[in-house]
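J.: Generate coordinates for the sequence data below:
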Amino acid sequence: MNLLILSGTPKKDGLCHSLAAAAYEAAGVAGAEVEIVRFSNISACRMCGDGWGDCSKIHRCKFGETDDFNTLHEKLKWADGFVLITPVYWGEMSEGMKSFFDRMRRCEATKQWDQSEPDLSFFSGKSSILVASAGGGGGGITTAFAQMERAISHMGGTSYPYDVYGFFDYIAVNRWNSEYKREALKCAVSALVKKVKSQ
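T.: Alright, predicted model coming up:
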């Protein structure tokens, strides 16, 4: 089982970094092949071609070789499941993660419209754990989750039956619950790996 951890934090340490490390450790112990991806070199969508661009037809970003986008895009195909971890800024996922998913939707969600496209979205039929970490008073987590949900749903990440695919768990983290939520994340990752390996 291949698990991809998508980390939206630009930091090399801190709370989100520790959550990604905990998920990585738990996946390895559970017997998964695991990799962490960070969005340090992802630019915003250029909205080429009058807004939709080549991505809606060829399902790849025309400018994806100028940064890390196409490389990271291909990694999604490798994965059997995902853990998305983001700090919460302004009630949303981080700008790096948002830029990635804005471009990814144009490549992956449009596959369902393309009758000549034999492949399903790289999110279709796969489960995701969503993790949002808010500083301050811990607000904005629910709206960040809604944004993450919407992006993955557009790309077929809520396939039926829901007890097999879709959103496996939601882990809401703030400064005062981080210790036990880190342990909860480890348990969720272990359970996800076990579920996917048993299918």
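
J.: where along this structure do the strands fall?
T.: Using DSSP state E, the strands of the chain run over residues 2-7, 33-38, 81-87, 127-133, 166-173.

J.: tell me which residues form a beta bridge with the residue positioned nearest the centre of the chain?
T.: Geometric centre of the chain, nearest residue: L84, 3.9 Å, by Cα atoms, centre = their mean. Judged by DSSP bridges, the bridge partners of L84 are L6, L130.

J.: just to revisit the earlier point, tabulate the strands of the chain (TSV), appending mean pLDDT.
T.: Below are the strands of the chain laid out as TSV (pLDDT from 0 to 100):
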stretch	mean pLDDT
strand 2-7	96
strand 33-38	95
strand 81-87	96
strand 127-133	95
strand 166-173	92
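
J.: With distance to E65 as added columns, please give those strands in JSON lines.
T.: C-beta here means a position set from N, CA and C on the backbone, and glycine is covered the same way. Listed next are these as JSON lines, based on distance: least, Cβ to Cβ, whole Å:
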{"stretch": "strand 2-7", "distance to E65": "20"}
{"stretch": "strand 33-38", "distance to E65": "17"}
{"stretch": "strand 81-87", "distance to E65": "24"}
{"stretch": "strand 127-133", "distance to E65": "27"}
{"stretch": "strand 166-173", "distance to E65": "32"}
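
J.: average pLDDT across the lengthiest helix in the chain?
T.: Ranked by residue count under DSSP state H, the longest helix found in the chain is helix 178-198. Averaging pLDDT along helix 178-198 gives 95.

J.: again with stretch 57-71
T.: In this model, stretch 57-71 has an average pLDDT of 90.

J.: Straight-line length of it, end to end?
T.: 19 Å (Cα to Cα, to the nearest Å).

J.: what distance separates it from the middle of the whole chain?
T.: Centre-to-centre, stretch 57-71 and its host chain are 17 Å apart (Cα atoms, centre = their mean, to the nearest Å).

J.: For this protein, which segments count as helices?
T.: In the chain, the segments counted as helices under DSSP H are 15-29, 55-58, 69-78, 95-108, 141-154, 178-198.

J.: out of those helices, deepest packed?
T.: Comparing the helices of the chain by mean neighbour count (mean count of other Cβ atoms under 10 Å), helix 95-108 ranks first with a mean of 22.

J.: Just the residues contacting that helix, thanks.
T.: The contact list for helix 95-108 (Cβ atoms under 8 Å, 6 or more residues apart in numbering) reads 6, 8, 10, 38-40, 42-45, 52-53, 55-56, 59-61, 64, 69, 72-73, 76, 84, 86, 89, 92-93, 121-123, 147-148, 151, 154-156.
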